[in-house]
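Asks: Quick one: sequence and predicted model below, then my questions.
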Amino acid sequence: MAGEMKLGAYICKGCGLGERLDCAELAKVAQKEGKAQVVREHDFLCHADGLAMIGNDITAGVNQIAIAACSRRAKAEAFTFDGVCVTRANLREGVIWVHPDTDDARETTQEAAADYVRMACAEAKAMRAPAGNPNRGGSKRILVVGGGISGLTAAREVAAAGYEVLLVEKSDELGGIARHLYRRVPAKEPFTEPQETGLAELVNSVCSNPHITTLINSTIAQTSGAPGRFTVEIASTGGNNRSETVGAIIQASGFTPYNANALTEFSYGRTLDVIDQLGLEKLVAAADGAPITRPSDGKPVKRVVFVQCAGQRSADDGRLPYCSGYCCNTSIKQAMYFKDADPAIDTTIIYSDLRTPGNGEDFYRSAQRKDITFTKGKVSTVTPTAAALKVDFKDLILDQDADIEADLVVLATGQVPNSGIDIETSDEAQAAAADKSILNLTYRQGKDLPQLRYGFTDSHFICFPYETRRTGIYACGPVRRPMDMAQAMDDATGAALKAIQAVENAAAGRAAHPRAGDLSFPQYRREGCTQCKRCTVECPFGAIDEDEKRYPVFNESRCRRCGTCMGACPVRVISFENYSVDTVGAQIKAVDIPDEFSEKPRVLILACENDAYPALDMAGMNNQHYSAFARIIPVRCLGSVNTIWITDALNSGYDAVALMGCKHGIDYQCHFVKGSELATYRASKVDDTLKQMNLEPERVQLFEVAITDALRTPKLIDGLVAKVIEIGMSPLKF
Amino acid sequence: MAKLVPTNETILVAGGGISGMTAALEAAECGKHVLLIEKSPSLGGRVSQFHRYFPKLCHPTCGMEINTRRLKANKRVHILTMTEVTAVTGTAGNYTVNLLTRPRYVNENCTACGACAKAVSSEIPNAFDYNLGKIKAAYLPFVMAYPQRYVIDPSIVGTAEGEAANAACAHDAIDLDMKPESFTVNVGAIIWATGWQPFDAAKIQPYGYDRFTNVITSVEFERMMDPSGPTGGKLLRPSDGKEARNIAFIQCAGSRDRNYLKHCSRICCMATLKQSTYIAERYGDDPDAKVSIYYIDIRAIDRFEDFYQKVQADPRVTFIKSKVANITEDESSGDPVLHGVDTEGYHRYDNRHDLCILAIGMQPSVRAEEIATGMHGDANGFIETNDENGAIFAAGCAGNPLDVNRSVQNATAAALRAIQVVNRIAAAEA
Amino acid sequence: MSDRRMAVGNYRNDFLKEVEANVEDGEWVKMCMQCGVCAGSCPLGPYWEHPPQEIFMMIRAGLRDDVLSSESMWMCTSCYNCIVRCPRELPITHIMHGLANYAHRLGLAPKMNPTRRFAKLFWNNIAAGGRANELKLSLGLYFMDGFATGIKKSLQMLPIGLGMLKTRRLNPFGLLAGGNCKDRKGIQAMLKKAKELEDKRKGFA
């Protein structure tokens, strides 16, 4: 931002601040130490009156604003002023509510407040108002990869919202697995009979839509770029390759039925009369109303047994550990194929837990009404005999080993996601699997979407099911998690929205979730960069590529603004306009450090703004007191913490530094995926520095904190202060 | 949040739980104008009352924090709390919606400083804790409540208590003369996200929820396990405050039963598995800690199977395939005694527990047919996906018994369905 | 595990179909989802060898002899607790009586089962006169297991009997004759016809 910078500092006296603090003194601090050109006190700053006062100052040229009042989490809407930088000194939740209202505490409480005013002024001075990423691209067209139920639905829904679609299908026909389905499980009242799949209508609606371009026999040979400006090379089996520009991508690459050949105990592959569910659909479709016959000898099927969870819910090697979720309803539907054709056919479903959630219960009841027999049991083997198949199982209700004869056995095997290459495996493994790639991304971190578990590309976040780690690329359908057709269609519709949102965000130069709307973006000083590649390796979202000289290429629209690159950079050349090594560094430096003999230690807390900082606010709201020697700075993510902040703080006389961030590991809670994990790793490296400085390792701590830790966080702070008192003040105070 | 003049390019979202918030935010982050209304004084709905989520055991508050931050930053969502829809008329692209706002008696000046609560001594049942505890009659519904603004309970309006609250407010934020306000808005599409309510446990008479103090529901238990809940997170049973160690869960309490709810509520199996970990976590290796789960089928669908396997591996947790027949109370101890038959091999039991938790079923808060004339729902009142419903789309549990993840997924889809309608209007008017 | 359980049925639907065709409300058997609430709700539950839900599974497993020769369904006292509680609306009480009746007619019901014997006694008593003869019924019950036990039981009940006589709740002449309904012959003809029809319907004719 060009032009003169002018800082205004506003001290609120409401909510008891005026009674507990010497606000006139704080105003002096803002003016003298904070170097604020305009300083004003107000009895009730968030009131329309106070806001108008600030607005008038902005009109008169103030463009950096330090609000000394409540937490940045409170009255956020009131204290939002467009086009200027706003910082908040948290005097309410962070000072008067967490320190006792006693004469003894008055001095240290005032000192804490003064420090927060200094910090807010220093931060505001180091900030520039962001104007949004200029490298936006303009494409609002959505690429849909995969022409099955999920992909077709996504294409239809995107087009219905008025956006252009490019639909790419690998095979020579649209429809995917659903093409082989005779009927589908009902999705409407009365939930009693199998329904038409509706595939033909769906394909028609896609093919006849002028906003949808469909390419069959085509795959994605290469994807590069970022939301708003992806370049996609499309290879066609006919050799008709082309290059297209799209704004966002929906990956609906579906699933492959589990390969039942591994199920030797069920004689799959040994006899034609043991088939999987998809095999049965084909058999029924082929019969087309005529009696369903055995594949081996063409005799009509009189007895059929369905084996649930075949090769699923098993920890054994080569089996699926998960439940595919749809198979109970599918077996019910398939048993109905037989019963509806001839009620005399014996149909038995052997299950261990029948999983028909929601209105599936009606479908289950309908099946029972049709005389389909349900037996709670565990099938051990299926063996061909002279004229039939023998199914051995344990009847769990009658608690006996039993067997049943069948003409045909249907195995309810599950879904295996078509998720391309697992980018977490070795380079060799990835190279060997190169032809499996779905997207062929040119990204530094690998060719496909990162996988969460068992090959599924699902989001790890319960509240945010579409948060894949590649901005602007959204997986939907069974590639994301095991699901049935109804859920896949719903999922595709949701993914369609996310893709549309991604192109709109990219066009406006703003961030996507979870910092939606953020206009800041990472910038780096090329002349200072040592091409160490830490930023490109550590970015949790694979946003940063490398150019031919191995300098980072930021792809701003792929960036989620967590600042992990900034935390990674050993030479500190990466920054955001409103969040940088300087904005935090200036706050650290602004704190007044009393001398070694003052008995007033200073403890720096770098707190994740998503969880730890709200937890500390909650502590304030619950009047949980903690030491007035702590100074808390919210950070976007612990991943953004540059170790220079820690060493600078210790060098300038802080007695201890604590990092408070989210849980990491398999059930990580970090909303930037890797931030807290990387911070832990980096903090472990600080020990060497501490040794060089002759400081005790206890002076740097990292705490895993959850947002609900309102009672625990004050204890952690007090514990750290007690530790400092135990080991003594820092010798590095000047 | 900002002022908004609704037009037929505006999307109305009814219900401010996780589904409604999601639908509103996803639409607004695509550039649409949204009017988000919520019946209660704050957003968050049932999710804000959960201690943890399955299967990650993370805290719902974390996602709520991100969502409220998104709302604070988004000027396209206009929020009206304490507001309900009283009537909907019209057709896709042009709905007239009558709204009724109940008085909060606190205006936008409120800073949530808490002075009014300090000045008031009367207490009301704490609805946030399913009335297990009490809260001041001038209150913030819960510590994370958004909008962060107090509420004066109508019971103290016109009393000395009300005046005391008013006098304590230094910010001119209390207005005891507020009246209910009816008004009408015009919108293009409606997302119905009124969520679910727990089935009335007292209706399951053999379980004696209304007679036995130590028979509680899963939603109540969830509040008890929250450190900020009515027992401070301690597992104290209601009758005598004794620590409960031997705990029973009864699955399908109301669900899968033609006497009560005929559908499967989907979430209760996973909720129980989750809650069993609370107990395991609290008691560590204590050999007296026991969890018994009485079930018909454990429906731990898709990747949730992992979680089921993990709980199954815990030796303190026993699974009994049985719908419990009835509960009696041991008079001297207040222990609930569960009677029934383990159907796997036929074993009769009369099991005594410290505490019994009913994994209560889910039913829609508002039935489809109550929304507007001609709305199609299923037999259980959940809104159907049906072209004849025009531009009124269900999001989350208003349309299906869903877990949080699928509710959010569904709400995201609902947002697109609404966008399709308002985009058609915009294109036609352009 | 009992010997019966070793004698595994073949899990064919034959017996289920037989039950559906011949047992009153037998078509409901298939609707059971094995929750066990009937078994747990039955006040006589602990005395059943096989509770209803298990019987339903045995029917599906084709354990015909085990089911039909079982004493279990004879335990039902028609309290209707199971029907009230069943989440699948199975008329369990009716099915139990239907099974018992079917087993009886096939001659497979346990001969010495007291419920069955009482039921027979009652039926013969009421069918004979078109109206229950209480004195004959009670005495028949006392002497069911032989003369000696009959005398013993009668003596035990003597004080009650005398008391009932005094308050005119018992007619001593019932033992001799009378007490029948007006058209005894008509009732008997009607019952005969009903049995004929039922036998024909259920294939016993």
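Replies: The structure has been received and is ready for your questions.

Asks: pLDDT at the closest residue to chain B within chain C, what is it?
Replies: Of all residues in chain C, the one sitting closest to chain B is C:Gly40 (2.8 Å; Cβ to the nearest Cβ). C-beta: built from backbone N, CA, C; applies to glycine. Per-residue confidence (pLDDT) for C:Gly40: 95.

Asks: Just the helices from the stretch 401-550 of chain A, written as ranges.
Replies: If you assign secondary structure with DSSP state H, counting those that start in this stretch, the helices in the stretch 401-550 of chain A sit at A:427-432, A:485-508, A:534-538.

Asks: Check the stretch 251-400 of chain B too.
Replies: For the stretch 251-400 of chain B, the helices defined by DSSP H, counting those that start in this stretch cover B:268-283, B:305-312, B:368-371.

Asks: Next, the angle from the longest one to helix B:305-312.
Replies: This points to helix B:268-283. Our comparison of helix B:268-283 with helix B:305-312, counting by axes from the mean of the first three to the mean of the last three Cα atoms, to 10 degrees, yields an angle of 40 degrees.

Asks: Just the CA trace of helix B:268-283, in CSV.
Replies: Backbone C-alpha positions of helix B:268-283 (Å, rounded to 0.1, in the frame of the first residue of the first chain) are rendered in CSV as follows:
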residue,chain,number,x,y,z
CYS,B,268,-27.1,-43.9,17.8
CYS,B,269,-24.8,-46.8,17.4
MET,B,270,-21.8,-44.6,16.7
ALA,B,271,-22.9,-42.2,19.5
THR,B,272,-22.9,-45.0,22.0
LEU,B,273,-19.5,-46.3,20.8
LYS,B,274,-18.2,-42.7,21.2
GLN,B,275,-19.8,-42.4,24.7
SER,B,276,-18.3,-45.7,25.8
THR,B,277,-14.9,-44.2,25.2
TYR,B,278,-15.7,-41.3,27.6
ILE,B,279,-16.1,-43.9,30.3
ALA,B,280,-13.0,-45.9,29.3
GLU,B,281,-11.1,-42.6,29.3
ARG,B,282,-12.3,-41.5,32.7
TYR,B,283,-11.6,-44.8,34.5
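
Asks: which residues touch the closest residue to B:Leu261 other than its chain neighbours?
Replies: Among residues not flanking B:Leu261 along the chain, B:Gly361 sits closest, at 4.6 Å (Cβ to Cβ, 6 or more residues apart in numbering or on different chains). When contacts are counted by Cβ atoms under 8 Å, 6 or more residues apart in numbering or on different chains, B:Gly361 touches B:Pro198, B:Phe199, B:Cys252, B:Ala253, B:Gly254, B:Ser255, B:Tyr260, B:Leu261, B:Ser265, B:Cys268, B:Pro401.

Asks: before we move on, the earlier item: nearest to chain C, of the helices of the stretch 401-550 of chain A?
Replies: When those are ranked by distance to chain C, counting by Cβ to the nearest Cβ, first place goes to helix A:485-508 at 22.9 Å.

Asks: Which residues in that closest one does the neighbour count mark as buried?
Replies: A:485-507 (16 or more other Cβ atoms under 10 Å in any protein chain shown).

Asks: How about stretch A:364-373?
Replies: Taking 16+ other Cβ under 10 Å as the neighbour-count basis, stretch A:364-373 is seen to contain the buried residues A:Tyr364, A:Arg365, A:Ser366, A:Ala367, A:Gln368, A:Lys370, A:Asp371, A:Ile372, A:Thr373.

Asks: do you know how far the fifth one is from chain B?
Replies: In this view, A:Gln368 and chain B are 13 Å apart by Cβ to the nearest Cβ, to the nearest Å.
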